[in-house]
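Engineer: whatever this is, show me its structure:
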Amino acid sequence: MPIVNRIAALHADITAWRHDLHAHPELQYDVHRTAGIVAERLKAFGCDEVVPGIGRTGVVGVIRGRKQASSARKVIALRADMDALPIEEATGLPYKSTVPGKMHACGHDGHTAMLLGAARYLAETRNFAGTAVVIFQPAEEGGAGAKAMLQDGLMQRFGVDEVYGMHNYPGLPLGQFAMRSGPIMAAADHLSIDIEGVGGHAARPHFAVDTVLVGAQIVNQIQSIVSRNVDPLESAVVSICMFEAGKTDNVIPQHARLQGTARSLTPKVQELLEKRLREVVEGTARLYGAKAKLIYRRGYPVVINHEQQTAFAASIAAEVVGADKVDTDVAPVMGAEDFSFMLNERPGAFIFVGNGDSAGLHHQAYNFNDEAIPFGTSYWVKLVETALPA
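Structural biologist: Numbering: from 1, shown residues only. Got it, this is the predicted structure:
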């Protein structure tokens, strides 16, 4: 089954919605304009229920199919994220961000627009038996908006049986999908390392305990954890991305702070990273006469696709683009996604849709590819109609 004809006819409308969202990016939970537009459109489409304010600024739409008599009718949920990133856009597009320092650098504008297109189609046709729930989530970018929506009773309130998510994938050709059963995206944990030494004059380092030197040694030493403690057949990443110390060029600072992230695909590796990071950080500081404290905070869990739902989702993608254009064993990526919280609550699957040869995610030159819209939107509607046959 190729792209749905009605979706192809809606392509221009969905693209226009996407461009408007792109021009007006909002961060984390402060997505009031975006959520307002989503709610207005869902109401205009004729959704049976439109509920804002789930997870602070999330929006949920409920679309009931033609047949609802059987108590066995399933509820299928589809999720899109709405928030942007604190990045200055450098695309030069006619619809580029109008908000300084903010841009849709991860394609959530495209995700939202595609799901709106699917909601419009499903509300018009209702060619399914059961209920489709469309979830528009805030704060995927570090704010755990999925968790907030779950804490507001998302799954129980709307009786969700299965939940599905989608993300665009730069480098994957247009008209292709990719996914895998099991771990597909990494757990993302946060590191904060506070170092205390002895400050002093830069010309008399022997009277000081140099926190810059200690911090540099810690950065170097913790890289040995992945290379020498983690099984080479497992995956792990430790990156220090922030180093703060000192205010001037002739004073050895008393304090320094490092911040970064640890990524893993299994609980075993996650536990190992936390244990060894603590040992290496504290031991390295002690070696130089300093003190260091590691604060290790668990973040998003591993995104784990459920086997049955992954096979089903892959079959839907194959209907849209052909089986030869669906990679069902894509390598896991070490990026993180808070859709993991939803998959921990209900069975489901997360799929990548090709964005073509674009700049990478979270890059100032990134742009969601509008030509991906018919593929992603057709996937959504075929998933509902197949999972809930009329």
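Engineer: going forward, measure contacts between C-alpha atoms and count neighbours the same way
Structural biologist: Will do.
Engineer: next, the residue nearest the centre of the chain: secondary structure please.
Structural biologist: Centroid-nearest residue in the chain, with Cα atoms, centre = their mean: Glu337, separated by 3.3 Å. Following DSSP: H, G, I helix; E, B strand; the rest coil, the label given to Glu337 is coil.
Engineer: would you quantify the distance from it to Ile63?
Structural biologist: 26 Å (Cα to Cα, to the nearest Å).
Engineer: also Val302?
Structural biologist: Computed as Cα to Cα, the Val302 to Ile63 distance reads 30 Å.
Engineer: Ala285 sits in which helix or strand?
Structural biologist: Using DSSP states H and E, Ala285 sits within helix 267-287.
Engineer: how far off centre is that helix?
Structural biologist: Counting by Cα atoms, centre = their mean, to the nearest Å, helix 267-287 is centred 27 Å from the centre of its parent chain.
Engineer: repeat for stretch 256-266
Structural biologist: In terms of Cα atoms, centre = their mean, the centre of stretch 256-266 is set 17 Å apart from its chain centre.
Engineer: stretch 136-154 too?
Structural biologist: Distance, centroid of stretch 136-154 to centroid of chain: 11 Å (Cα atoms, centre = their mean).
Engineer: mind listing what's buried along the helix holding Ala285?
Structural biologist: By neighbour count on 16 or more other Cα atoms under 10 Å, the buried set for helix 267-287 is 269-270, 273-274, 276-278, 280-285.
Engineer: over to stretch 113-127?
Structural biologist: Quick answer for stretch 113-127 (16+ other Cα under 10 Å): 113-123, 126-127.
Engineer: relative to His108, how far out is Gly55?
Structural biologist: For Gly55, the distance to His108 - Cα to Cα - is 17 Å.
Engineer: please disregard the earlier target; I meant Ala187.
Structural biologist: In terms of Cα to Cα, Ala187 sits 20 Å off from His108.
Engineer: under the pLDDT cut-off, which ranges of the stretch 51-200 of the chain? List them.
Structural biologist: 68-72 (pLDDT under 70).
Engineer: can you do 50?
Structural biologist: 71 (pLDDT under 50).
Engineer: in it, which spans are helices?
Structural biologist: 108-125, 145-151, 154-157 (DSSP state H, counting those that start in this stretch).
Engineer: Arg297: neighbouring residues, count only.
Structural biologist: Per other Cα atoms under 10 Å, the neighbour tally for Arg297 reads 14.
Engineer: break the protein down into its structural domains.
Structural biologist: 5-183+303-387, 187-300 (automatic domain parsing).
Engineer: just the ones you listed: most buried one?
Structural biologist: Of those, the one with the most neighbours on average (mean count of other Cα atoms under 10 Å) is domain 5-183+303-387, at a mean of 21.
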